[in-house]
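K.L.:
one predicted model, sequence on top.
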Amino acid sequence: MSIHPDGYDLLKTAIKLSSSSLPIETKLETMLRSITDGFQSDRSLHLPPEAISKEGFLSRVAERRKPLWVDETAPFQEEGVLPEERNLLCSSFACIPLSDETSFQGIFYIGFSKARTFSSGEVDLLRLLAKEIGAAIRNDQLHRVAEETISEWTALHEMGKAVASTLKLEELFELILNTGRKILKAKGGVLRIEEAGTGDLKVKSRIGDYHQTPLDERMAHRVYFSRTPFSLSRKGREKSFLSLLCVPLISKDRSFGTLAFYDKESDPSRFDQRDLQLLLTMANQMSCAIDNAMTHHEISVMAQDHEKNVRQLSTLMELNRALLTTVNFERIVHVTLTAITIGDGLGFNRAMLFLVNDKDRVLEGTMAVGPNSAEEAGEVWSAFSQRKGNPSELIAQIGSSTENHSVLNSLVKGIQIPLEHEQCILSRTVLEGRPFNIGVPHDEEEWLQTRCERGCHLGSEVGCYVSEHLSRDPKIYAFATIPLWGKGKVIGVILVDNLYNRNPITEEDIRYLTMFSNQAGLAIENAMLYRNLEEVHRELKEAQSFLVHQEKMAALGELSTSVAHEIRNPLVSIGGFARRLDRTLPADASEKRYAQTIVKEVKRLEKILSHILTYTHEEPVALKELDLREVMEESLSMISEGLRNGGIQFTKDFSEKVPRVKGDYYQLKQAFFNLISNAYESMNGKGRLSVRIHPLLKNGSSFVRVEVEDTGAGIDPESLHHIFNPFYTTKDDRLGLGLSIVHKTVAFHQGQIEVNNHPGKGVTFLLTLPAQEEKQR
Amino acid sequence: MMKILVVDDEESIRLLYKEELEEDGFVVELAKDGLEALKQVPLFRPDLITLDIKMPGLNGIETLKRIREMERRVPIVMCSAYGEYKQDLTTWASDAYVVKCADLTELKNTIRRLLRLL
């Protein structure tokens, strides 16, 4: 066998190919084909390192770094040939390892089916060719590594730049994961950061697929605590490789999270040491940035909180200022509820107030503020957004301009819930003195738990109403209640909801509402006290004027008594002698008429005197249990003749059961008589006279109400103040003691008298007399 | 003939009572105050006395007590412009109480009743 005459050409071709810019695969293929052709061999191959199995003869060739020549002169003597290596064994072949001092690129193989011998020229040529193949592979590898490294460093550089440009955590996390995945060619990645306080790791950001398994969590914790990187490559059950890289994030010598990547995109998926190094570099670089961004985030959250607190406090101050503008109870309540519902205030959709009635142990709906429907809510909110001014000014405008006639308000005003009704959230809020934030129930059972026995979510008509008219399904109705504190006790409950915009009610909202309602509670309590004070003040004033009146009457009584007595004696003689004259004068004497006139006038004077003396209470008093209906019947009988004739229509309306009254029969009879006869006379013989007697319950006490109504001229408003004064009369021929006797009698019986006066239409006198306590107790 | 002593500080009243009662057939003697009445009682020995309450010097109530000390049985009719003492009638041991009135019918009826003339 001679040396191939084209050895030179072959080498030239190989070198040309090796230094060309063709892809390595094409290079190798072309080189091997030209070698096969040039040597007229059966085949020539490049066996890469990964194709060389351990223990085979090839591995030994690789280990020895020495070519193996098999030909007629040197038969194959190697032992331990692996099955896959058998097809390489033929009559003559050569295996030349491709290696330099540091690296190994596989084995160049050339085989001949015909037996032959390798000449020394051929050996040299093949060695040279092998070297060229090895160089080509090495160059390509170096080139690839260099390119990769450049692109990695470019990516890292880019990432560094980008990281420095943002302080937004979310963006930063996303950027890190994106770049990391690109550099490592991973299928997915996860970034975990410790939770402040608990120290638990929490997934903050992720990309692509990752193994969401407990094992993965454990692994992340191990890395986080041990601050040691971790890499894993193992065959999964489905024969696909599971591989991951996880490194700790450390800043200022403190581990605060982990960064992990999963499954290389290449096949087989296996991260190498280089990847780990890269990731570590990246993690080191990123940790500081993340830590800074986190600190920045914390600070900005704190700043936001701070700003929010300041805003809330200034709103509270504004609202409090609005509360301070008045002591009027209705207005304070209205201002409070409005403040809770306007956007610049606390921003709830609706607010309702229920106040505790201590006496009856019930919660009473007091007022509600809120739109009736979603449409109305929209209108109100858009109207509000156009108004300018701070909350206290806005509230001042509303409070005075709009009357609260909403459906909700009238509904709430009708609600009474017994405090003992413990299943009702409203009652519980009072009894337990704490807020309840009832979110939308998660399941049927929870819904049943918060529901009252009447089937209402709230335990009152509010919830029922909501379910029926507004929400259809009370199960989706969320609301909150908070107690309204006065000085040391709960005076009521505020109920809020976001029925229309469905914003969830947060604990923060409740806290804020509590802060406000603590102020409002005191204001409302003060207004209530003030209202009571006003009431008491009015009563005192009334009592005072009553006493003054009594005093006047007493003085007047004394005076008139003595005057009456002084007058009586002369009257007796005037009248007595006039009678004598009348008797002695002949019937036709004109003096007889004079005498008769004197007798008549003296009679009248004596009657007036006895009236005065009755008024000044000359007669003894006898208190007995009386049925006022009987007394009234007696008074009516005194005037019944007058009632019967003429055009006066008379109606009588007495309740079947009227409690007895302890009183003086004669005084009361006289008083009733005076009222009836006044009414009778005021109508000038035409009209309707009604007398009514009914039981009456007021403030838990029992009374009897006597009403005498006429359709006469009524009382001139200017005279109204004087009608109970003795001697005041509008009737020329009367002394005017009638009503003052009524007044005196009612006062003596600790009753009250009211006048409903309609000048020109008539007048009604309403007497309220305390009933005798029932004996069964 | 029944004798009546009228005690009153008002002269016109005394005159009226005297004429009216004499017309009715009584013998009438007058006293203008309590002291005069106390002198008259043992002398005149009346069958009935009408006694005013408000009088100067000895008032009707004191007079009543003194008369009762010497004459237990004689009927006495208190005759006053005041109505408020009426309830004390029995305490004072008078027999009747009549509020003064121009119409003497009530007084006359009372007198007749007490003297069992009715």
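P.N.:
Now that the structure is in, tell me what you want to look at.
K.L.:
in chain A, what residue lies closest to chain B?
P.N.:
In chain A, no residue comes nearer to chain B than residue A:575, which is 2.2 Å away by CB to the nearest CB. C-betas here are computed from N, CA, C, even on glycine.
K.L.:
what's the distance between residue A:749 and residue A:56?
P.N.:
Counting by CB to CB, to the nearest Å, the gap from residue A:749 to residue A:56 is 130 Å.
K.L.:
tell me the centre residue of the chain?
P.N.:
Going with chain A. residue A:505 (2.7 Å; CA atoms, centre = their mean).
K.L.:
looking at chain B here, not the other one
P.N.:
Mean-position check on chain B, CA atoms, centre = their mean. Result residue B:50 at 0.7 Å.
K.L.:
for it, helix, strand, or coil?
P.N.:
Counting by DSSP: H, G, I helix; E, B strand; the rest coil, the backbone at residue B:50 sits in strand.
K.L.:
show me what it bridges to in the sheet.
P.N.:
Going by DSSP bridges, residue B:50 is paired in beta bridges with residue B:6, residue B:77.
K.L.:
what sits against it?
P.N.:
By CB atoms under 8 Å, 6 or more residues apart in numbering or on different chains, the contact set of residue B:50 is B:4, B:5, B:6, B:7, B:8, B:17, B:76, B:77, B:79, B:107, B:111.
K.L.:
and the residues you listed as a markdown table, adding distance to residue A:17 and neighbour count?
P.N.:
Listed next are the contacts of residue B:50 as a markdown table, based on distance: CB to CB, whole Å; neighbours: other CB atoms under 10 Å in any protein chain shown:
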| residue | distance to residue A:17 | neighbour count |
| --- | --- | --- |
| B:4 | 178 | 24 |
| B:5 | 178 | 24 |
| B:6 | 176 | 27 |
| B:7 | 173 | 30 |
| B:8 | 171 | 29 |
| B:17 | 174 | 25 |
| B:76 | 171 | 25 |
| B:77 | 169 | 20 |
| B:79 | 167 | 26 |
| B:107 | 169 | 22 |
| B:111 | 173 | 24 |
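K.L.:
quick one: least confident of these?
P.N.:
Here the lowest pLDDT out of the contacts of residue B:50 sits on residue B:79, with 88.
K.L.:
just give the closest residue to that residue, not the sequence neighbours.
P.N.:
Computed as CB to CB, 6 or more residues apart in numbering or on different chains, the closest residue to residue B:79 that is not its neighbour in sequence is residue B:50, at 4.7 Å.
K.L.:
would you mind measuring from that neighbour to residue B:76?
P.N.:
The spacing between residue B:50 and residue B:76, counted by CB to CB, is 8 Å.
K.L.:
can you give me the strands in chain B?
P.N.:
Taking DSSP state E to define them, one finds strands in chain B at B:3-7, B:27-31, B:48-51, B:76-80, B:96-99.
K.L.:
who does the lowest-mean-pLDDT helix or strand in chain B pair up with?
P.N.:
Least confident helix or strand of chain B, by mean pLDDT, DSSP states H and E, is strand B:96-99 with a mean of 84. The strands beside strand B:96-99 in its sheet (DSSP bridges) come out as strand B:76-80 (parallel).
K.L.:
now the closest residue to chain A within chain B: how far from residue B:81?
P.N.:
Relative to chain A, the nearest point of chain B is residue B:102 (2.2 Å; CB to the nearest CB). Here residue B:102 is placed at a distance of 12 Å from residue B:81 (CB to CB).
K.L.:
ok, now residue A:11?
P.N.:
170 Å.
K.L.:
and the strand or helix carrying residue A:612, does that touch chain B?
P.N.:
Assigned by DSSP states H and E, residue A:612 belongs to helix A:590-615. Yes: against chain B, helix A:590-615 shows contacts by CB under 8 Å from any CB of the partner chain at A:599, A:602, A:603, A:606, A:610, A:613.
K.L.:
which of those residues has the weakest pLDDT?
P.N.:
In terms of pLDDT, residue A:613 ranks lowest among those, with 70.
K.L.:
surely it touches residue A:562?
P.N.:
No: Residue A:613 is beyond contact range of residue A:562, at 10.9 Å (criterion: CB atoms under 8 Å).
K.L.:
those two - which one has more neighbours?
P.N.:
residue A:613 (22 against 10; other CB atoms under 10 Å in any protein chain shown).
K.L.:
strand partners of the strand or helix carrying residue A:69, parallel vs antiparallel please.
P.N.:
For residue A:69, the host element (DSSP H and E) is strand A:68-70. Here strand A:68-70 is paired, per DSSP bridges, with strand A:92-99 (antiparallel).
K.L.:
quick one: residues in contact with the strand it pairs with.
P.N.:
So strand A:92-99 is contacted by A:46, A:58, A:61-62, A:64-72, A:88, A:104-112, A:114-118, A:126-127, A:130-131, A:133-134, A:137 (CB under 8 Å, 6+ apart).
K.L.:
narrow those to those in helices?
P.N.:
Mapping the contacts of strand A:92-99 onto helices (DSSP state H) picks out A:58, A:61, A:62, A:64, A:126, A:127, A:130, A:131, A:133, A:134, A:137.
K.L.:
check what pLDDT the third one gets.
P.N.:
So that's residue A:62. Turning to residue A:62, the model gives it a pLDDT of 86.
K.L.:
hmm, residue A:104 and it touching each other?
P.N.:
Yes: using CB under 8 Å, residue A:62 is in contact with residue A:104, at 6.4 Å.
K.L.:
what is in contact with the two at once?
P.N.:
A:49, A:97.
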